[in-house]
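Student: Sequence plus the predicted model coming up.
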Amino acid sequence: MKYTKALVVGNWKLNPGTSIEAKSLALAIKKHVAKYKETQVVVAPPFLFIPDVARNLTKTEVKLGAQDAHFEERGACTGEVSPVMLATFGVTYVIVGHSERRALGETNKQVNLKIQTILKRKQTPIVCIGEKVRDSQGLFFNEIEEQVRSLAEKLTPVMLSRIVIAYEPIWAIGTGATATAEDVKEMQLFIVSVLTKIYERKVAAKVHLIYGGSVKSSNALELYQEGGMNGFLVGGASLQAKEFAAIVAMTLPKEAKK
Ligand code: PEP
């Protein structure tokens, strides 16, 4: 069920190579999505490019995101960036628990702490979950359940309503292999059913879910219309402004496409 505005987030990862390129990508995205006001668009550049990108995202509905943040607000955390610092540059969305961060050691517990700190700063955490592989017995659902239960720890119903959960099967990230719309729909129902064990049904059913994993303009419409999730986290395709905007267009309500 789609309750709120769709959300499409561009995760630029370790791209582009220079600040000049980052600024021109931001400007191109701003131009190409300008008329798509019914979907919330977010770009998440590398930390160093955030100030420049922020200056190029004035007079637009496009919001600024970060690819990670530490769970401490300040202190002895060498090399880290906190949600407070990000807020000073206008960052309102923060991705946490991305599989590429988890591969470097980020744990479910740390993801949960990050969510709490980000919410405290009134930013929106985009919490990534996803299975490494799919087995025919469906054991991967246990992995998802563990991630969902852990992210929800200490989160009140109001806090849950302020987060976005990005279902990103790891086998589909950057591989060109996408989950089918059926897979996505099944996972939407499963995540809500896990949350229903923790929260009231109406609270669980309203959680904002998005899908990520090799989303392109060619598969976005089917995934969006039949997958039951309300938006996308886009990696590779978010580096081409026109392609990214075409994905955004697939999430518009029918009336807005006219
Ligand atoms: C991602 O990194 O979150 C992602 C979904 O990447 P891609 O779209 O390239 O699969």
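Tutor: Looks like it came in fine. Numbers count the residues shown, from 1 in each chain.
Student: distance of Asn56 from Val8?
Tutor: Distance from Asn56 to Val8, counting by Cβ to Cβ, to the nearest Å: 18 Å. Bear in mind the C-beta positions are built from the backbone N, C-alpha and C, glycine included.
Student: So between those two, which is more surrounded?
Tutor: Set side by side, Asn56 and Val8 show more neighbours around Val8, with 28 against 19, by other Cβ atoms under 10 Å.
Student: Can you name the element that comes right after the strand or helix carrying the more buried one?
Tutor: Secondary structure assigned from DSSP states H and E places Val8 in strand 6-11. Counting by DSSP H and E, the next helix or strand C-terminal to strand 6-11 is helix 19-33.
Student: who touches the strand holding Val8?
Tutor: Among residues not part of strand 6-11, those counted as contacts by Cβ atoms under 8 Å, 6 or more residues apart in numbering are 29, 38-44, 65, 67, 93, 95, 98, 126, 164, 166, 208, 210, 212, 224, 230-235, 238-239, 244, 247-248, 251-252.
Student: Stretch 116-126 now?
Tutor: For stretch 116-126, the surrounding residues in contact (Cβ under 8 Å, 6+ apart) are 9, 42, 65, 69-73, 82-84, 86-87, 91-96, 114-115, 154-155, 159, 162-164, 166, 210, 233.
Student: among those residues, which are in helices?
Tutor: Members of the contacts of stretch 116-126 lying in helices (criterion: DSSP state H): Pro83, Val84, Leu86, Ala87, Lys114, Ile115, Met159.
Student: nearest to the ligand, of these?
Tutor: The ligand lies nearest to Lys114 out of the ones in helices among the contacts of stretch 116-126, by Cβ to the nearest ligand atom, at 16.3 Å.
Student: The closest one and His70 touch, don't they?
Tutor: Yes - between Lys114 and His70 there is a contact at 7.3 Å, judged by Cβ atoms under 8 Å.
Student: For those two, indicate the residue with more neighbours.
Tutor: Per other Cβ under 10 Å, whichever of Lys114 and His70 has more neighbours is Lys114, with 26 against 20.
Student: What's the separation between that one and Ala241?
Tutor: According to Cβ to Cβ, Lys114 and Ala241 sit 29 Å apart.
Student: Is stretch 50-68 positioned near the ligand?
Tutor: No - judged by Cβ under 6 Å from any ligand atom, stretch 50-68 and the ligand are separated, with a smallest distance of 9.1 Å.
Student: Revised request: answer the last question for stretch 240-251.
Tutor: No - using Cβ under 6 Å from any ligand atom, stretch 240-251 never reaches the ligand; the gap is at least 9.6 Å.
Student: From here on, call the first residue 49.
Tutor: Sure thing, new numbering starts at 49, so read that last one as stretch 288-299.
Student: Provide the contact partners of that stretch at residue level.
Tutor: Under the criterion Cβ under 8 Å, 6+ apart, residues 54, 56, 58, 73, 76-77, 79-81, 84, 87, 89, 263-265, 268-269, 272, 278-280, 282, 285-286, 305 lie in contact with stretch 288-299.
Student: What ranges in this protein fall below the confidence cut-off?
Tutor: 49-51, 303-306 (pLDDT under 70).
Student: Give me the nearest residue to the residue in it positioned nearest to the ligand, chain neighbours excluded.
Tutor: Of all residues in the chain, the one sitting closest to the ligand is Gly283 (2.1 Å; Cβ to the nearest ligand atom). Nearest non-adjacent residue to Gly283, counting by Cβ to Cβ, 6 or more residues apart in numbering: Asn59, 5.1 Å away.
Student: same check, this time on Arg210
Tutor: Distances taken as Cβ to Cβ, 6+ apart put Leu167 closest to Arg210, at 5.9 Å, once the chain neighbours are dropped.
Student: All set now, cheers.
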